[in-house]
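Student: The following block contains a protein sequence and its predicted model.
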Amino acid sequence: MKTHLTLFTFFSAFCLLGQVKSNQIAWIGKSNRILNPGAEANSDGAPLQWKSDFTLGGESNWVSDYGRTSHEWNHGEKKLGLPVNPGNNYFRLTVSKHEETRKLNLFQSISLSDLQNMPQQDTVMADFQFWSGVTYPTKTNCAFAEVKVLFKDASGKTLDSIYVKRIPGEFRDLDAGTPEAEERGFNVMHEMLLTKKTHQVPREAQSALVHLQCSFPCAKFIGEEEDETEGELSNTFFFDNLSLGFYKK
C-alpha cells in the first residue's frame, strides 16, 4: 500500500512539474526588450532611452518617484494600488488646457531583426504589458492616453499594431470619501491597472515602436474660468513596468 502511495505521489508531482514547464514561455531573446521600462534611469526629469516630439527634462517632470508629491502614492502601511514590484519611479505625463501641453508623448524603437531568422512556418507572437493610472479618475475629465506598439518594415511603414486607449473614468480613487482622505483634503490612493495584450507579429516586421501619448482635447470647459477646478483643466497619466517580449506560438 505504501509503495502504491509513493508511486502515485511521485507520478502526480511529475505531472504537475510537466504542467508548470509547459506553461512557461520560451522567449525569443530577452523576455522584455524595452529599455528603461520603469523610468528608473533618468536625467533631469527625462527618462533615458526614450524620445519625445516635445521638450524633455527640466520642469516637465516626466519621471517621478513614488511618494514624492501630495496627490500620489506613499509607502505607508496600507496597500496603495501600486503595481507589482513598482521600483522607485514611474513615468508621469501631464496634459492640460494650455496649447503647449495639450499633447505629450514618449516613444522607443526596438529592433526585431533577429525575428527574420525564424523559419517561415513559425508564428511569432508579441506579449505586451504595462501598468497605468491617472490623477483625476473622473468621467467628466476629457483627457485620454493612447498606448501603441507599431510593427514596422525596413522602410518604416507600419504593418500592424497593438492599440490601447485609457480614459480617466476607467480608474478608481481607492480612498475617496474615507475619513483619512477628508482629513487630508485630497485623495492619494490612485489605482494602477495592468493591461496585457498579445498579437501576432507581421512576418516582415523589422522594428517595433512603443509609443505613449496623452491628450487633453477639450475645446470648451465645464464652467466659467473662475469656477473650473484643477481636475477639469488638466490630468496626469502614470505608466510603469512596460514589457514587450516575443515567443513562438
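Tutor: All right, it came through fine.

Student: hey, let's count contacts and neighbours off CA atoms from now on
Tutor: Fine.

Student: Can you pull the poorly scored residue ranges out of the protein?
Tutor: Low-confidence segments of the chain (pLDDT under 70): 1-23, 56-60, 68-80, 184-189, 220-231.

Student: what ranges do the strands span in it?
Tutor: 42-43, 46-47, 63-65, 89-96, 103-111, 124-134, 144-152, 158-166, 193-200, 207-215, 234-248 (DSSP state E).

Student: Find the nearest non-adjacent residue to Ile162, please.
Tutor: Among residues not flanking Ile162 along the chain, Val149 sits closest, at 5.0 Å (CA to CA, 6 or more residues apart in numbering).

Student: Pretty sure that neighbour sits against Leu209.
Tutor: Yes: Val149 lies in contact with Leu209 (CA atoms under 8 Å); the separation is 5.4 Å.

Student: what residues are up against Lys97?
Tutor: Going by CA atoms under 8 Å, 6 or more residues apart in numbering, Lys97 touches Phe216, Pro217, Cys218, Leu233, Ser234.

Student: Give me the buried positions along stretch 137-157.
Tutor: Residues of stretch 137-157 classed as buried: 137-138, 141-145, 147-153 (neighbour count, 16 or more other CA atoms under 10 Å).

Student: before we move on, the earlier item: buried subset of the contacts of Lys97, written for ChimeraX?
Tutor: In ChimeraX, this line selects whichever of the contacts of Lys97 come out buried by 16+ other CA under 10 Å:
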select :216,218,233,234
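
Student: Could you dump the contacts of Lys97 into JSON lines with distance to Ile28 added?
Tutor: Below are these laid out as JSON lines (distance: CA to CA, whole Å):
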{"residue": "Phe216", "distance to Ile28": "38"}
{"residue": "Pro217", "distance to Ile28": "40"}
{"residue": "Cys218", "distance to Ile28": "43"}
{"residue": "Leu233", "distance to Ile28": "44"}
{"residue": "Ser234", "distance to Ile28": "41"}
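
Student: The strands of the chain: which one's closest to Asn117?
Tutor: Closest approach to Asn117 among those (CA to CA): strand 124-134, 11.4 Å.

Student: now that closest one against strand 234-248, angle please.
Tutor: In terms of direction (axes from the mean of the first three to the mean of the last three CA atoms, to 10 degrees), strand 124-134 departs from strand 234-248 by 160 degrees.

Student: Can you tell me the strand partners of strand 124-134 and which way each runs?
Tutor: Its sheet considered, strand 124-134 pairs with strand 193-200 (antiparallel), strand 234-248 (antiparallel) by DSSP bridges.

Student: what's in contact with the shortest one?
Tutor: What it means is strand 193-200. In contact with strand 193-200 (CA under 8 Å, 6+ apart) are residues 83, 123-133, 162, 171.

Student: re earlier: most tightly packed of the strands paired with strand 124-134?
Tutor: Of all the strands paired with strand 124-134, strand 234-248 has the most neighbours on average by mean count of other CA atoms under 10 Å, namely a mean of 22.

Student: from what I can see Asn42 touches Val63, true?
Tutor: Yes: assessed by CA under 8 Å, Asn42 is found in contact with Val63 at 7.3 Å.

Student: who's more crowded, those two?
Tutor: Each of Asn42 and Val63 has its neighbours counted (other CA atoms under 10 Å); Val63 has more, 24 against 17.

Student: count of residues packed around the closest residue to the more buried one other than its chain neighbours?
Tutor: Leaving out its chain neighbours, the residue that sits closest to Val63 by CA to CA, 6+ apart is Phe91, at 4.8 Å. A count of neighbours around Phe91, defined by other CA under 10 Å, yields 24.
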